[in-house]
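**Q** Sequence below, structure please.
(chains A and B)
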Amino acid sequence: MPVIAVANPKGGAGKSTTTLLLATHLASRGATTCIIDADPNQPIADWRAHGESKSAVKVVGEAREDTIMDAIEEQARTHAFVFVDLEGTASLLVSRSIAFADFVIIPIQASAVDVRQAQKAITAVRSEERLARRSNPNRSIPHKVLMTRTPAPGAPVSTMQRQLEEEIRAAGIGRFQNTLAERQAYKAVFSERLTLEEMGAMRVGNLAAAEENVRLLANELLETLTAIQKGAKA
Amino acid sequence: MSAGKFGFTPDDPIDLEAAEEPLDLARAFQPTPITRVSPPRLAEMDRVAQAAGFTSRENTPAAPPPRRRRVVTAQPTRFLAVRAPESLYQRFVRYADKHQLTYHDAIAQLLDTAGEPE
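**A** Model prediction:
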């Protein structure tokens, strides 16, 4: 474990990018890592099948509503981290994955459309959590919002993003302090079908800054997961 | 607390304290079989999800069969335009779809049922 679902019913929120960057980063640090590609467009399965990346991350595609739970359980037996990259729609595939997750990342852009759709994911997390607590009072589905496609560090932050961050804080919803900035390198990961580390020789924007962004985000994720594990053992 | 501009409302705030020690990734996270407290209650899980707007995309019901094609009658035809309340309109279309009738066949069937002479 842990099983990490990456969900937002809105398409284009950065779910696949977030999943692939974090999973390949953790794999590069020696962790056994698996991605279950539950997006019908299969962007990560395509990355694995048609690319030449040497990353140790395992990718399992073709997840369906009736197989997703078996797939999660099977991969959790052999991988320390199981990411589930979910489709950009409000389907039972998404809700079932959320119900079985140890942690849910909800990527959102600072736009009203993204945020309103993201609330569906948050509502689903809360509902599934309440249901699970009927049989296990200690069951929780921790979740955090991740701001994606944000300006690079040092660049001006939009008023809407500031308002959104404040409202998320006021609502008591967890939020990653690190964001995932809009970077050419993240798009190139999918077009070149390589990891960030493997694109070192290519000219794809500020690669060093992109790698540092992912490293900081991954560290925050690990801190969060560590705290969850400590809480579960307490 | 009322919803703000984006509609977020407080619920179960989660306080996740940061790790205090440098992390040994391999030691801290290891593959672990999932052990559930109780068997998955799938139907109940799905019901909860559906209440939150999550629906199946894989078991969508088949589209209703197309309405029966218009039969060319020997009689000349006249045009009947009816302005009706939305609910009555939907009720009539639903009836015609259910019985696979053209609209004029549906009207004929309803008149027959009402005992109106031809």
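**Q** Low-confidence stretches in the chain?
**A** Defaulting to chain A. Residue ranges of chain A with pLDDT under 70: A:1, A:135, A:232-234.
**Q** oops, chain B please
**A** For chain B, the ranges with pLDDT under 70 are B:1-23, B:35-41, B:59-72.
**Q** mind listing what B:H99 touches?
**A** Applying CB atoms under 8 Å, 6 or more residues apart in numbering or on different chains, one finds that B:H99 lies in contact with B:A106, B:Q109. Yep, even glycine has a C-beta here, placed from its N, CA and C like the rest.
**Q** And the helices in chain A?
**A** A:15-28, A:43-50, A:68-76, A:92-99, A:112-135, A:159-170, A:184-192, A:207-233 (DSSP state H).
**Q** Let me know which of these is tucked in deepest.
**A** helix A:92-99 (a mean of 27; mean count of other CB atoms under 10 Å in any protein chain shown).
**Q** on that earlier part again, please tabulate the helices of chain A in CSV, including the columns distance to B:D105.
**A** Listed next are those as CSV, based on distance: least, CB to CB, whole Å:
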stretch, distance to B:D105
helix A:15-28, 49
helix A:43-50, 49
helix A:68-76, 46
helix A:92-99, 39
helix A:112-135, 42
helix A:159-170, 55
helix A:184-192, 54
helix A:207-233, 63
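**Q** Convert the lengthiest strand in chain A to PDB, retaining C-alpha atoms only.
**A** Using DSSP state E to define each element, chain A has its longest strand at strand A:143-150. Output of strand A:143-150 as PDB, limited to C-alpha atoms (Å, rounded to 0.1, in the frame of the first residue of the first chain):
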ATOM      1  CA  HIS A 143      -8.000  13.400   0.400                       C
ATOM      2  CA  LYS A 144      -6.300  16.600  -0.700                       C
ATOM      3  CA  VAL A 145      -6.800  19.000  -3.500                       C
ATOM      4  CA  LEU A 146      -3.800  19.700  -5.800                       C
ATOM      5  CA  MET A 147      -3.700  22.900  -7.700                       C
ATOM      6  CA  THR A 148      -2.400  22.100 -11.200                       C
ATOM      7  CA  ARG A 149      -1.300  24.200 -14.200                       C
ATOM      8  CA  THR A 150      -0.300  27.000 -11.800                       C
END
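**Q** what sits up against that strand?
**A** Strand A:143-150 is contacted from outside by A:13-14, A:17-18, A:103-110, A:118, A:121-122, A:125, A:157, A:161, A:164-165, A:168, A:173-176, A:179-182, A:217, A:224, B:14, using CB under 8 Å, 6+ apart.
**Q** A:E198: which of the helices of chain A is closest?
**A** A:E198 sits nearest to helix A:184-192 of all the helices of chain A, at 8.1 Å, using CB to CB.
**Q** what inclination does the closest one have with respect to helix A:43-50?
**A** 50 degrees (axes from the mean of the first three to the mean of the last three CA atoms, to 10 degrees).
**Q** so what does helix A:184-192 touch, helix or strand wise?
**A** Using 3 or more CB pairs under 8 Å, 6 or more residues apart in numbering or on different chains; DSSP states H and E, the elements in contact with helix A:184-192 are helix A:15-28, helix A:43-50, helix A:207-233.
**Q** Make JSON lines out of the ones you listed and add distance to chain B.
**A** Shown next, in JSON lines, are the helices and strands packed on helix A:184-192 (distance: least, CB to the nearest CB, whole Å):
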{"stretch": "helix A:15-28", "distance to chain B": "7"}
{"stretch": "helix A:43-50", "distance to chain B": "17"}
{"stretch": "helix A:207-233", "distance to chain B": "4"}
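**Q** A:P2: which of those helices is closest?
**A** Nearest to A:P2, of the helices and strands packed on helix A:184-192 and by CB to CB, is helix A:207-233 at 5.5 Å.
**Q** Next, the distance between the ends of stretch A:191-208.
**A** By CA to CA, to the nearest Å, the extent of stretch A:191-208 from end to end equals 18 Å.
**Q** got the contact list for it?
**A** The contact list for stretch A:191-208, computed with CB under 8 Å, 6+ apart, reads A:21, A:24-25, A:28, A:46-47, A:50-55, A:152, A:183-185, A:188-189, A:210-211, A:214.
**Q** mind running it again at 7 Å?
**A** A:21, A:24, A:28, A:47, A:50-55, A:183-185, A:188-189, A:210-211, A:214 (CB atoms under 7 Å, 6 or more residues apart in numbering or on different chains).
**Q** Give me the residues contacting stretch B:103-112.
**A** Residues outside stretch B:103-112 that contact it (CB under 7 Å, 6+ apart) are B:R68, B:F92, B:Y95, B:A96, B:H99, B:L101.
**Q** Select only the buried ones of these in PyMOL?
**A** The following PyMOL line selects those of the contacts of stretch B:103-112 that are buried, judged by 16 or more other CB atoms under 10 Å in any protein chain shown:
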select buried, chain B and resi 92+96+101
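**Q** Could I get the helices and strands packed on helix A:184-192 in a markdown table, plus columns for distance to A:M199?
**A** Shown next, in a markdown table, are the helices and strands packed on helix A:184-192 (distance: least, CB to CB, whole Å):
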| stretch | distance to A:M199 |
| --- | --- |
| helix A:15-28 | 11 |
| helix A:43-50 | 13 |
| helix A:207-233 | 6 |
